[in-house]
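Colleague: Have a look at this prediction, sequence included:
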Amino acid sequence: MAYSQKVIDHYNNPRNVGSLDPKDESVGTGLVGAPECGDVMKLQIRVNEKTGIIEDAKFKTFGCGSAIASSSLATEMLKGKTIEEAEKIKNTELVQELNLPPVKIHCSVLAEDAIKAAIEDFKKKQAAKREKAQEALANAQTTL
Amino acid sequence: MALDKTSLDLSRPIYMDNNATTPMDPRVLEAMMPYFTEKFGNAASRNHAYGWEAEEAVEKAREQVAKAIGADAKEIIFTSGATESDNIALKGAVDMYAEKGNHIVTMLTEHKAVLDTCRRLEREGKATVTYLAPKRDGIVDLEQLEAAITDKTIMVAIMMANNEIGVIQPMAEIGEICRKHGVLFFTDAVQAVGKVPVDVNAMKIDVMAISGHKIYGPKGIGALYVRRKNPRVKLTGLIDGGGQERGMRSGTLNVPGIVGLGKALEIAIEEMPSEMKRLTYLRNKLKDGIMSQLEDCYINGSMESRLPGNLNISYAYVEGEGLLMGLKGLAVSSGSACTSASLEPSHVLKALGVGDELAHSSIRYGLGRFNTEEEVDYAIQITVEAVNRLREMSPLYEMAKAGIDLKTVQWNHH
């Protein structure tokens, strides 16, 4: 199968390969797919907690060229977006941008799933952080 | 390792997929050429010189094929290729021996031409089929084979050498079991004939499929060996018509193709001793070169009983199609689902008990007559580079390095 120039470019020069500290409260991590299915994507975002803007995004992918390209492009699209904007990213945008053939659409779906999972993880961490802060506040009040 | 790349022609990928097909040997093409133009006769034309010279060429090729496998020329039938030969062998036997029984014993690692033919026979209610799983190294369990044979069994269908992992089955032992139980032994020997010694009598083979394009001959030509005595095997033909090839395969003979197949086998047999040695050396160099530089790679299939030019390795944490893209200077293939039309990983590797994740990570190298040591050095270098680069990009590699057991992770299957 011939790959599109854009897939080849992302495969040869992947953007934002790497990892962020998954324990950092400003980092959201999404890990989707399964080794036995032939694709696993790990996508991470670092969000400015004050502005809600995604300041950094990293990925690591086990998969074919289209899977690597989809996650690489996803990290590019995420940077600079707010969480709300990022939630609206659709796999069809990746399909269009990369000219993915029908048999490779699942790669873009997986990338969308990875984005959603990373955002969800970030939100969960923020909620836990708020809860903890409130608890601390309540504790402080009772001791007063 | 510094390589002088200037001496390698890298304008096209280096061809290392000789288990898929082989380039035609120029000596074969030369032998075929006259039979396209001036010697164009129909081998069935009995009343003029054009027919005679075509028939003569066909009979010479029949001798060449027979000699290559220790058979008699009368036992060779020309077909369009191994897929047709496999179909005639199985469907022809089921039809011809319906009174004796309807059971076939085969293996899960067979070529699709055998497996899909068996499945159709089952679907149509014409046969029942036992599919044996191989041992972990790809080799048949002879005790299991013998136990699978019933009084309804008419044929055992086990390939001589596997197209993906190159594993060679114990032919003589299988033949012995078949003889003992009065069951026909059919083998798809496409990958083996011309590469390793084959003798239909020593191996007690009754029916055997051969292909032209796996042995530096043309595509679109193959042969079927059908034993004529002890036992005399009869197969019902699939194609009706002029009754050529002892009635087992009607249709005007493909004279240039047949001449090419004969010549290809003649060359292969002549060069076999030195070529086996050369390819074994190159294949082992490829294996050692890769394995000494990369951790967590696994060889699929026995290294002891294997075709000289074949190597099949799974590179953990790296997906096969993604790896093929990184090996763009090499023409090789993968057992990854992404490279197959069915989106299923290799059925052969699955049958061996290789996990799906490692089946997705497999690369098959098929070295052949025209590969050089320099090309093998290049293949080692770019394989190591590509695997290392993709591992740096792989979340699985990162997790494994962090001491996480990937089998304990809850994956979300999609």
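Modeller: Ah, there it is. Since the model is a prediction, treat every value here as computed from it, not as a measurement.
Colleague: for the stretch 251-400 of chain B, what spans make up the strands?
Modeller: Per DSSP state E, counting those that start in this stretch, the stretch 251-400 of chain B carries strands over the ranges B:297-299, B:310-315, B:330-331, B:333-334, B:362-366.
Colleague: what's the closest of those strands to A:Lys123?
Modeller: strand B:310-315 (36.6 Å; CB to CB). Yep, even glycine has a C-beta here, placed from its N, CA and C like the rest.
Colleague: Would you tell me which one of the strands of the stretch 251-400 of chain B is buried the most?
Modeller: strand B:362-366 (a mean of 27; mean count of other CB atoms under 10 Å in any protein chain shown).
Colleague: Could you list every helix and strand that the longest helix along chain B packs against?
Modeller: Looking across chain B with DSSP state H, the single longest helix is helix B:255-291. Applying 3 or more CB pairs under 8 Å, 6 or more residues apart in numbering or on different chains; DSSP states H and E, one finds that helix B:255-291 makes contact with helix B:26-32, helix B:49-69, strand B:76-79, strand B:297-299, strand B:310-315, helix B:373-392.
Colleague: Give the other helices and strands that the first one contacts.
Modeller: To tie it back to what came earlier, the one meant is helix B:26-32. helix B:255-291.
Colleague: got the buried residues for the helix it packs on?
Modeller: Neighbour counts over helix B:255-291 (16 or more other CB atoms under 10 Å in any protein chain shown) mark B:255-269, B:272, B:275-276, B:278-279, B:282-283, B:285-287, B:289-290 as buried.
Colleague: For the stretch 151-300 of chain B, which residue gets nearest to chain A?
Modeller: As assessed by CB to the nearest CB, chain A sits closest to B:Asp296 within the stretch 151-300 of chain B, at 13.1 Å.
Colleague: Quick one: neighbours of the residue in the stretch 201-350 of chain B that chain A sits nearest to, just the number.
Modeller: Chain A sits closest to B:Glu321 of the stretch 201-350 of chain B, with a gap of 3.9 Å, by CB to the nearest CB. Neighbour count for B:Glu321, taken as other CB atoms under 10 Å in any protein chain shown: 20.
Colleague: The one 5 residues further on too?
Modeller: By other CB under 10 Å, 21 other residues sit near B:Gly326.
Colleague: Look up how far A:Glu25 lies from the spatially closest residue to it that is not a sequence neighbour.
Modeller: Distances taken as CB to CB, 6 or more residues apart in numbering or on different chains put B:Ala386 closest to B:Gly326, at 3.3 Å, once the chain neighbours are dropped. Counting by CB to CB, to the nearest Å, the gap from B:Ala386 to A:Glu25 is 37 Å.
Colleague: So which bits of chain A are right by chain B?
Modeller: Residues of chain A found near chain B (CB under 8 Å from any CB of the partner chain) are A:3, A:8, A:11, A:14, A:17, A:19, A:31-42, A:60-65, A:67-68, A:103, A:106, A:109-110, A:113.
Colleague: Produce a PyMOL select command limited to the buried residues of these.
Modeller: The following PyMOL line selects those of these that are buried, judged by 16+ other CB under 10 Å:
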select buried, chain A and resi 3+11+14+17+31+32+33+34+35+36+37+38+39+40+41+42+60+61+62+63+64+65+67+68+106+109+110+113
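Colleague: Among the residues of chain A next to chain B, which ones are in strands?
Modeller: Members of the residues of chain A next to chain B lying in strands (criterion: DSSP state E): A:Leu31, A:Val32, A:Gly33, A:Ala34, A:Asp39, A:Val40, A:Met41, A:Lys42, A:Lys60, A:Thr61, A:Phe62.
Colleague: Need those in JSON lines (columns: pLDDT).
Modeller: Shown next, in JSON lines, are those (pLDDT from 0 to 100):
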{"residue": "A:Leu31", "pLDDT": "96"}
{"residue": "A:Val32", "pLDDT": "96"}
{"residue": "A:Gly33", "pLDDT": "94"}
{"residue": "A:Ala34", "pLDDT": "92"}
{"residue": "A:Asp39", "pLDDT": "93"}
{"residue": "A:Val40", "pLDDT": "95"}
{"residue": "A:Met41", "pLDDT": "97"}
{"residue": "A:Lys42", "pLDDT": "97"}
{"residue": "A:Lys60", "pLDDT": "97"}
{"residue": "A:Thr61", "pLDDT": "97"}
{"residue": "A:Phe62", "pLDDT": "96"}
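Colleague: which bits of chain B sit near chain A?
Modeller: Residues of chain B lying near chain A (CB under 8 Å from any CB): B:317-322, B:325-326, B:336-338, B:343, B:345, B:355-357, B:360, B:392-398, B:406, B:411-414.
Colleague: do that again at 6 Å, thanks
Modeller: B:319, B:321-322, B:325, B:337-338, B:356-357, B:360, B:393-396, B:398, B:411-413 (CB under 6 Å from any CB of the partner chain).
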